[in-house]
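Trainee: structure here, sequence nowhere to be found:
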């Protein structure tokens, strides 16, 4: 077998190292991003949706006790942001406003007949909330974030609309 | 898998093409010696084909020649490709841009000099609109959007008719021969928008008969795939250049991905070595999303942009007389997630003549006409915006005086009439004195301007003001330096006085866009380095500036450095480099409010250049970005990616 010339040795050695280093780094840097799961542990009548953490967005609605799918997010720290809907509160308001046919408050005196039709809002309101603590996520972490009623606060840091 | 299949198919195609082109070239006895490109491979070709003549040079010598040309990339105001040599300009060779370390074109330009600053958000796609990155600032002017910086491609000003700024994702390196960055603007030669600076891109053509085919494929972090295919050809009087570029990335976070396609094609007929006619067309299609701030990401804030630019040029290049004529049409169709839809048009033409009256006097005269128009509607609400277009007609002139061989004085003026704002006088004057063996002094003062865009005048995104007036700047700079084959050093002081500056204030729904009174920007830029000292080259540049009240995305200090080394082993060459950027004093708002931490990032790259067979060469490379895995951002709440890696291969047949 003829001996390889010096340039061929360099060529093949470099190409081999090149491929190996690339494959190792490509796999390691992306697959070591932290995985985050968010669980709705607020209350049975509260739904949360559009949960986000450090650039990750779960475009789903979580009922009480349900968990989002694990998602790889950027390493770093952030609060968990979400939109909250209180179904019980909503029903109570709608009943008070008399928008649900056949259902009324037990005490008829509580019914508010003075509200004009234009003031009644039948649209469910989703309010922006965030956790009152910061979650730290590092490489290789698997973090389960439980959203609890006593650990959330209203989120007023919502950015303005997209410009053109 | 799909990526690797494509790469292998290309590999096979290259081998097949090499057989055809090699045979073709050898049969024709092609004795060409200059491709017009200073690439590594062009030297390789001359070494192979010019039997007996160039074969005497070994690979290393040829590489050294090439390396020399590579580091001759940044020259202060002395290049022949610069129309006004007294302006402070940098020239970047196309090959250097093509080797950009996984960056976009704008990011590559931003790493060139410290007084150029580009915002980025890390993915492959910059995006459009005010939520986008890719804002380019030169000496305190420009930015989001880039209306004060003009991009010129082969003599044609490239911007959107309605928004008045270029799309950062529209520029790909594959057909670039050189990029000239004119700092301090030059509205005398380039008209509106050339206020803070001009980035002039020149396309690559083949100057000798034959063909060259080049493929650059890469794959890496965030499932980012880039593919660029370039074909250059020349057969007697007819030349062709074409390139397609495809980029697809999932992005480093939700919504940061996107894809872009840029196709470019040109044909040139040379009636004689001095007279040529060129037709060129470029198509761009970009799809992406605004990911939104990391703390409150957006869902499906997508955009879809199509643009087409067609140009026709007739150029003459005589010893004493060089006339030229260019006509162009630029059309764009933009759609956004919220129903926004626009069609915009820019048409224009200019005719220029340069003649040497005497060995000490050169005169340039030109006429220029440009028109902007567009339609805007919301497809969801079926609302149409009432907008008016406008036109510019201008006469411009420049005289270059050479009283003695080492001194050049340039004077010029532009008399412009706009259909909305009437007469606009512009002027400039400067000198360059090469006083002793590479040492030089230079200075220039120029009055530049920018017209309000249709968006600023009529579109409520987020607000409009139909009574806006053009903004003007008076740019002055003074520099001294030294430039030789191995050493480079320069210092430049600059001052820009801006009148009627157009600025957005506040946020929707209470935002306003107004002409502010006056502001002054001043600063100092310095550069030092050595090149080809043994196998090593090093460049360092720093810029400090005081931008006054308007600090939004306008950092006070920027520092760039790069260290490169290479060594040749017969037919193989190994190269590596490391570069860094540090940006200090980044504010998200004016009046020095909302400061964010300094951005510091280091990148590295390695390449192996090897000739496989005949005129077929392969160049695998690897790029590591943010090797220190630092958390940083140029835009608040838009974190840049951590450590990421990209691997690719360049295959070329000549």
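Mentor: Alright, I've got the coordinates. Here the structure is a predicted model, which means the values were calculated and not measured.
Trainee: the helix or strand bottoming out on mean pLDDT in chain A - contacts with which helices or strands?
Mentor: Ranking every helix and strand in chain A by mean pLDDT, DSSP states H and E puts helix A:6-31 at the bottom, with a mean of 72. In this structure, helix A:6-31 makes packing contacts with strand B:557-569, strand B:572-584, strand B:599-613, strand B:616-625, strand B:644-653, judged by 3 or more C-beta pairs under 8 Å, 6 or more residues apart in numbering or on different chains; DSSP states H and E. C-beta coordinates here come from the backbone N, C-alpha and C atoms, glycine included.
Trainee: pLDDT value on the residue nearest to the spatial centre of chain A, please?
Mentor: Closest residue to the average C-alpha location of chain A: residue A:51 at 1.9 Å, with C-alpha atoms, centre = their mean. At residue A:51, the pLDDT value in this model is 95.
Trainee: do residue A:118 as well
Mentor: Residue-level confidence at residue A:118 comes out at 62, pLDDT.
Trainee: same thing with residue B:98?
Mentor: pLDDT, residue B:98: 83.
Trainee: can you tell me, leaving aside adjacent residues, what's nearest to it?
Mentor: Taking C-beta to C-beta, 6 or more residues apart in numbering or on different chains as the measure, residue B:98 lies nearest to residue B:173, with 4.4 Å between them; neighbours along the chain are not counted.
Trainee: report how many residues lie close to that neighbour.
Mentor: If you count neighbours by other C-beta atoms under 10 Å in any protein chain shown, residue B:173 ends up with 25.
Trainee: then residue B:266?
Mentor: Other residues lying near residue B:266 total 22 when counted by other C-beta under 10 Å.
Trainee: test my guess that it contacts residue B:279.
Mentor: Yes. Taking C-beta atoms under 8 Å as the contact criterion, residue B:266 and residue B:279 are neighbours in contact, 6.7 Å apart.
Trainee: where in the stretch 501-650 of chain B is pLDDT low?
Mentor: Regions of the stretch 501-650 of chain B meeting the criterion pLDDT under 70 cover residues B:508-509.
Trainee: around chain A, pick out the residues from it.
Mentor: Where the stretch 501-650 of chain B comes near chain A, counting by C-beta under 8 Å from any C-beta of the partner chain, the residues are B:507-508, B:569-572, B:574, B:606, B:608, B:610, B:620, B:622, B:624, B:631, B:637, B:639, B:641-645, B:647.
Trainee: among these, which ones are buried?
Mentor: Under a neighbour-count criterion of 16 or more other C-beta atoms under 10 Å in any protein chain shown, the subset of those counted as buried comprises B:569, B:571-572, B:574, B:606, B:608, B:610, B:620, B:622, B:624, B:637, B:639, B:641-645, B:647.
Trainee: would you double-check that residue B:347 falls in a strand?
Mentor: Yes. Counting by DSSP: H, G, I helix; E, B strand; the rest coil, residue B:347 is found in a strand.
Trainee: per-residue pLDDT, it?
Mentor: 94.
Trainee: just confirm it contacts residue B:370, I think it does.
Mentor: Yes. The pair residue B:347 and residue B:370 qualifies as a contact (C-beta under 8 Å) at a distance of 7.4 Å.
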